[in-house]
Each structure stands twice: as structure tokens, then as C-alpha cells.
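> Take this sequence and fold it.
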Amino acid sequence: MSAAAGWSWRTFWVSLVLLSTLLALWGLATPRFAVPDEPAHFLKAAGVARGQLVGPADRPTVVEVPPALESTRQQTGCFAFQPAVSADCAPGYTGDDGPDLVAYTQAGRYPPGYYALVGLPTLVWTDLDVLYAVRGLSAALCAALLAAALTAAAATGRRLLTTSVGVSVTPMALFLCSGVNPSGPEIAAALALWTAGVALVLDGGPPPRPLLATAGVAGVVLALSRPISPFWLALIGLTLLVLAGRRRIVELVRRRGVQVWLGALVLAAAAQSAWVLGVGSLELYGGTQELSLAQRLEGSVDRTDERLHQVVGWFGWLDTPAPTGVVLAWATALAVVVCLGLRRPAPLRVVLVVLLAVGCVLVPVALEVPSVNQVGFYWQGRYTLPLAVGLPVLAAVASRRPVAVPRSVLAVVLGAVGVAQVVCFVVVLGRYTVGSGNGLGLRDAAWPPPLPALVLAVAFSVAAAAWSIWLLLLPPADRRGGQVVVEAKHAADLAA
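Residues are numbered from 1 along each chain as shown. So this is what the prediction gives:
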């Protein structure tokens, strides 16, 4: 099936509504500044919105912001890293308005692209509650990218590929996308680039404009997200080039639209890299220790299980891990997608899947080990997600042609994924309302979220169920009027 015929704006808008709902509920269920490093990123956003791209040479992490915003550092000290303590202890802010105050942020040297967008609300609203507006802008960007990723997958006509998107969007991905943290857009953009890129290189003929625009915008957003993002862009691009093959590459690069978007990607990656190298965004600080190379390697490899757990879910300030059952369910869902995708595999695609799986384990080790003596073992699973979200996607297209997959099998996979999403949401909600180990806090909450906890839990359960059902229904078996029209050779697969 031609991906050009398969692109559906209805799919995009429905997906956008569902994803926006899920992210909004996560944002309301999470206390202010309880997303990892959120105070630092929030202050950076407020500074960039005021034209403070980077601080003085002697103090590169300094920004000047209104007094209420400066108090962000005091909001999480009583409950961060203490899972049994609810968020009710946060002091809030009751001071008067006054002149701007100096604040410090570890993200002071980060590239300004993401922060220039999400920091805009702080110019007109200087109460701490402005955080919800900042979160909303970040979540809207993520929701649009994730919706485009699913639409691109559905455009190929492969049900297994749309299911892979559901597996790629882990609870940790949603959690990060709901807060103020450039990791959220980085992950969402990476997934959109993976799916749109796969659709472009595996489809024949002229590149469809919606898919080309999705891949181009996603690549630019990815490149401008975090200091390390150009590296992920290069790895994803290299994988897609190998997947495409020489003939398809030549066919694509002759197209004017492809040339324009490739130029935009090169410029974005070059600008980001220039900032990172010029300002020193990758310089890390944390203390010194003297470990041999063997000790650093052993210590980093030993943390692989923890990092893989964090890919699925390790919430708050790394103080609230997803239940083990959730991790096992997600691993099983991934295994099912991989096994189904490898039923009639193309050898080269199998090699790419294996290399990507190995890369998800070894790349963090390779990047962490050189800096251990300066900053310790710093790598977190969320840093690997831009690469990891591509594994289900690549596995789903490992076969030369779409394979017949019973809908009942996909229903089980997506049902397990949906339940796991709800479990993580309720666990995190309970952690903040009453503290871990003190119940779910759905009725008697020490920390009351903006909406009653029970309402949030029920609403999220309904939204997660709708998301899973929507994934199961895509791609539709038949669409008229320029939408998806199933080719005869794929009918058996899509009707199964």
C-alpha cells in the first residue's frame, strides 16, 4: 500500500486528542517540580524567555527571575528521594512581588531551542502555578509528535507497526512528556522520526508530503532538544539509510522536497552542535573518584538492569520505580512484537534489529564510562529512550511483507500495555498523595492534586483504554475518499 494514500488526518487528530488527554492527566497528577530536574529546566525556560541564553562566564548557571519563580528550588526538598513522604510538605510561595532574584540551574548551558518555546507563559504569569502552563506547552509539542508517529505508522497499512507505537510509548515516556524536561520532546520526536522514516524508505515512488514533513519536523525537533540529541539523530539516520538501500536512497535524494528537509536537518544539527561545543553543554560536574577502566566498565554494565527498568518507568526523582509486574508485561509485549515481526524476516533487517537491541545496552555504557571518575555513574534509562523506541518499530517491519497477525493477539498485547499504563499512573498518584506504602490515596489524600485523585485515576483509566482500543483499530480496513484503501495483497493481513 502506498503511504501517500494511507495518510489520514482523522487518524492524526483523534490520536492527538487521546494523547493530549493522557499527558494532561499525568501533568495534573504530578506535583509541581516532581518531574526529574524540573526546577532546573523550569528556571532555564524562564531565563531564556527573558533573553538570558546563558549566564556570565564565571557563573554559567545563573538566571534572574521573579521571586516566586526563584523559589522553585525549595518546592521538592522535603519529598524528593523520599517515596514514603507525600507532596503535602511542599512549602508553596506566599511572598510579595519584587525585583528579580538570582537563581541557579544545572541546565544553564543547555541549548535554548526547547526553552524558548515553553518559557513564554512565565512572561505573563509569575506565580508558581505557571508551571502547569509551561507543562502544557511541552505536552502539546510531545502529543503532536506522538500523534504524527502513529499516523505515519498507520499510513503503511501494517497493524504490527501501529501496535509497536503503543509498545514504544512507555509509561516513562508519557511521564516525561507531561513535565518540563527536554527529554520528553526528544523521545517523542525520535519516535516520529523512526516511524515516518521507516514509512518513507520502505515505500516506493515519490515521498508523500505528510510523511516527509513528519520526518523533517521530527528530525529538526530531535536535533534541537538536548545536547546529545544530534548523536541520536545521526544513529537513527544511519539506520534508516541502511534499511533503505542504495536504490531507494538515490530515488529519494533526487527529490526537491527531500533535499530541502535534509538541508534543514543538517543546519539544525550543526547549530546545536556548535552551541554544545562552544558553550560546553556536555561538561558534567559531580565530584572525583579514582576507578580503573575495568571498575568503571563493571559498574556501568551492572546498572544495565536498572536502566532498562527506567526505560519502562522509574518516576519522580528516581524514587518511585514501576512495579516489577509492569516491567515484565512490557518486556513480554516487546518480545511478542519482535517475534511476530521476525516470522518472515529479511536478513539485513534482522541484523539491524539485533544491532539496535545491542546498542540500547552498550551505547549507554560507552557514553558513561569515560566520565565516571568526574561525575559518577550518571546515565539514566530515559536518556536511552530516543534509541530504544525504535526497537519495536524496526522489529515490526523486519519481514519483507506484512505478516498476518490475528487481531486477538494484538488485543492481548495492547490490553497489557494499557493496564500497565494505568497501574503506573495509580502508583505514582498514590506516592504523591499519601506516600508510597500508605495506600493509593484515592479518597483521603494528604496532598490534594488540582482534581480529586479518584477522578484523575478513573479519567486516566478511561483514556488509556480508549488509547489501546484506538491502536487496535488502526490501520482501518477500508477508507474512501482519498483515505486508506487496502490493497488486495494486504487484505488478509489487515482483516485477520
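> from here on, contacts and neighbour counts on C-alpha atoms
Will do.
> pLDDT (mean, whole number) over the one helix or strand Val462 maps to?
If you go by DSSP states H and E, Val462 is part of helix 453-473. Averaged across helix 453-473, the pLDDT comes to 97.
> for it, the distance to its chain's centre please.
19 Å (Cα atoms, centre = their mean, to the nearest Å).
> Which residues does it contact?
Residues outside helix 453-473 that contact it (Cα atoms under 8 Å, 6 or more residues apart in numbering) are 15, 18-19, 21-22, 25, 29, 159, 162-163, 166, 407, 410-411, 414-415, 417-419, 421-422, 425-426, 429, 433, 441-443, 445.
> Please point out which parts of it sit buried.
Using 16 or more other Cα atoms under 10 Å as the test for burial, helix 453-473 gives 453-454, 456-457, 460-461, 463-465, 467-468, 470-473.
> Could you measure from the nearest residue to Leu356 once chain neighbours are set aside over to Leu385?
Using Cα to Cα, 6 or more residues apart in numbering and skipping residues adjacent in sequence, the residue nearest Leu356 is Leu391, 6.5 Å away. Distance, Leu391 to Leu385, using Cα to Cα, to the nearest Å: 10 Å.
> out of the two, which sits in the more crowded spot?
Neighbours were counted for Leu391 and for Leu385 using other Cα atoms under 10 Å; Leu385 has more, 29 against 26.
> Help me confirm that that one comes into contact with Ile187.
Yes. Using Cα atoms under 8 Å, Leu385 is in contact with Ile187, at 6.1 Å.
> Which residue lies nearest the spatial centre of the chain?
Closest to where the C-alpha atoms of the chain average out (Cα atoms, centre = their mean) is Ile187, at 2.9 Å.
> Would you confirm that that residue contacts Ala388?
No. The pair Ile187 and Ala388 does not pass the contact test of Cα under 8 Å, sitting 9.3 Å apart.
> Now, the contacts of helix 453-473 that are in helices?
Using DSSP state H, the members of those that fall in helices are 15, 18-19, 21-22, 25, 29, 159, 162-163, 166, 407, 410-411, 414-415, 417-419, 421-422, 425-426, 429, 433.
> Number of residues surrounding the residue nearest to Leu69 when sequence neighbours are not counted?
Residue nearest to Leu69 in three dimensions, not counting chain neighbours: Leu128, with 6.1 Å by Cα to Cα, 6+ apart. With neighbours defined by other Cα under 10 Å, the count for Leu128 comes to 19.
> what about Leu128, distance to Arg135?
Going from Leu128 to Arg135 by Cα to Cα gives 12 Å.
> and what of Trp275?
On the measure of Cα to Cα, Trp275 and Arg135 end up 25 Å apart.
> And those two? Which one has more around it.
Just comparing Trp275 and Arg135: by other Cα under 10 Å the higher neighbour count belongs to Arg135, 25 against 17.
> Then the more buried one would be within a helix, right?
Yes. The assignment for Arg135 (DSSP: H, G, I helix; E, B strand; the rest coil) places it in a helix.
> Distance of it relative to Pro31?
Separation of Arg135 from Pro31 (Cα to Cα) stands at 12 Å.
> now swap in Ala149 and tell me
Distance of Ala149 to Pro31, computed by Cα to Cα: 29 Å.
> between those two, who's got more neighbours?
Neighbour count, other Cα under 10 Å: between Ala149 and Pro31, Ala149 has more, with 30 against 24.
> mind checking which helix or strand the closest residue to that one other than its chain neighbours is in?
Among residues not flanking Ala149 along the chain, Ala192 sits closest, at 4.0 Å (Cα to Cα, 6+ apart). For Ala192, the element it lies in under DSSP H and E is helix 183-202.
> Which parts of the stretch 251-400 of the chain are helices?
Counting by DSSP state H, counting those that start in this stretch, the stretch 251-400 of the chain has these helices, from start to end: 256-279, 293-302, 304-312, 324-341, 347-368, 372-375, 381-388, 390-396.
> quick one: low-confidence ranges for the protein?
Applying pLDDT under 70 to the chain flags residues 1-5, 55-60, 93-96, 284-288, 477-496.
> Could you chop it up by domain?
Listed by automatic domain parsing, the domain ranges of the chain are 3-34+140-495, 39-132.
> Name the residues of stretch 272-284 that are buried.
For stretch 272-284, the buried set under the neighbour-count rule, 16+ other Cα under 10 Å, comprises 272-273, 275-276, 279, 281.
> Stretch 290-299 too?
Under the neighbour-count criterion of 16+ other Cα under 10 Å, stretch 290-299 has 296-297, 299 buried.
> what about the strands in the stretch 1-150 of the chain?
In the stretch 1-150 of the chain, the strands defined using DSSP state E, counting those that start in this stretch lie at 62-65, 101-104.
> So which of those strands has the densest surroundings on average?
Among the strands of the stretch 1-150 of the chain, strand 62-65 has the highest mean neighbour count (mean count of other Cα atoms under 10 Å), at a mean of 23.
> Give me the helices and strands touching that strand, please.
On a contact count with 3 or more Cα pairs under 8 Å, 6 or more residues apart in numbering; DSSP states H and E, strand 62-65 meets helix 38-49, strand 101-104.
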